[in-house]
Structure formats: structure tokens, C-alpha cells
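Colleague: show me how the following folds:
(one chain, ligands or ions: 1)
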Amino acid sequence: MKCEYCDVLERNENIIYQDNDVVVAIKEYGLVEGQATIFPRKHLTILEMANDAILEKCSVIANKVGIAVFDSLGVQGTNLIINNGLGAGQKIPHFSLDLIPRQRDDNLPLFWQPQTSNDEEIGTTFSLLREELVSLQHLQEKNKDEEKSLTTAESKAKQHTEGKEDLDSKDNVDSKDNGKSNYMIKSLRRIP
Ligand SMILES: [Zn+2]
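Modeller: Have a look, this model is predicted:
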């Protein structure tokens, strides 16, 4: 079955804004009138598939839509929601942000009863998350180093014969690819 957002784009239906990267459509069956969906033009199934540039652009456009909603619909607030992955109730396999216009007493079912965690639970979650985040950060820095060393190696290779730089950059490519593919395999489990 065709992706609903790709279909909306193809039929040019309810689209209030679009550029080369991002599309904004008014939701036909939303929680409330004026709910807008912001999604990348390219079919990217989940949040993790979107690169930094696309994420940045989606956020910037979402903010502009929010300002327009405040000004034109006279709302008192907005919720920006991303249902990312099967477990989060993502129904359409195309990453998107939903902007929901709010009024103070609209009673939309967007609240939750806070639960208290004990110190041990918080401590475990803290360690696990921090460890994962540090390794992701490390991977990201490695990618940057690799880009740099590739550029250096390429320019040096033009002037000299193959040297140590090429070997170093190859090592970086291998470890980056391993890390990246593990990460992508984990992400695939969340695709709706
Ligand atoms: Zn799609």
C-alpha cells in the first residue's frame, strides 16, 4: 500500500506549504480543526532516518506554522508531537511532526498522570541512557574525523603515493560502518 503522506504529496491535497525538502498539510482527520502535519518530502520512515539538515528544517518550518496558527486561528498554545516507531503509535511509515492548536479548556486527551520513579530506577535509567548517548556522540565525532581525514588523505593522495593517512582513514571507515549499521539495524525494529 502506498504511503499516505507520499500520496498526499502526489495528489497535492490540503498542502499549505512545500519546498524542496519539507511539506506541510492540513490534517483531514485530526484531533482538532487546524491540525497540521509537517513531513519531509523524501519518504523517510522514522525519525532516525532523517539527517540533521532535514530535522532542522522540519523544526524551523514547524515553528513558522505554529506562529501562523497563533496569528490566524487565535489559539492559546500548540503541541508538537512526533509518534516515532511502532511502540509510540506511529501509523504511517513516514516520519512527521503534528502541530496541534490548543485552547486552555479544550480538554483534548493530551495529558498524563505523572508516575514517581524510585532512586534505583532513576539511577539505572540514567546510567543506561548516558552510556548509550556517549557512544553515539563518540560515533558522531568519529564520522567527523573520518570526513576530515578522508579529505586530507584525498588531497595528499593527489600529490604523493599511498601513505599512512590512507590506512588510517580506511580504519575509520570500517569502524564507522560497523557502528552505523548496528545502529540502523536497531532502528529497523521500530519501523511501522
Ligand atoms: Zn511516504
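Colleague: mind listing what Lys27 touches?
Modeller: With contact taken as Cβ atoms under 8 Å, 6 or more residues apart in numbering, Lys27 is in contact with Asn14, Gln35, Ala36, Thr37, Asp98. No exception for glycine: its C-beta is placed from N, CA and C like everyone else's.
Colleague: dihedrals phi and psi, Leu80?
Modeller: When read as degrees, to the nearest 10, the backbone of Leu80 gives phi -110, psi 120.
Colleague: can you tell me how far it sits from Lys42?
Modeller: Leu80 sits 20 Å away from Lys42, taking Cβ to Cβ, to the nearest Å as the criterion.
Colleague: check Asn51 too.
Modeller: Using Cβ to Cβ, Asn51 is found at 10 Å from Lys42.
Colleague: mind listing the residues bridging to the nearest residue to Ile82 once chain neighbours are set aside?
Modeller: Excluding the flanking residues, the one nearest Ile82 by Cβ to Cβ, 6 or more residues apart in numbering is Leu97, at 5.4 Å. Here Leu97 sits in beta bridges with Ile38, going by DSSP bridges.
Colleague: wait, Leu97 touches Ile38, no?
Modeller: Yes - the pair Leu97 / Ile38 is scored as a contact, 4.5 Å apart, by Cβ atoms under 8 Å.
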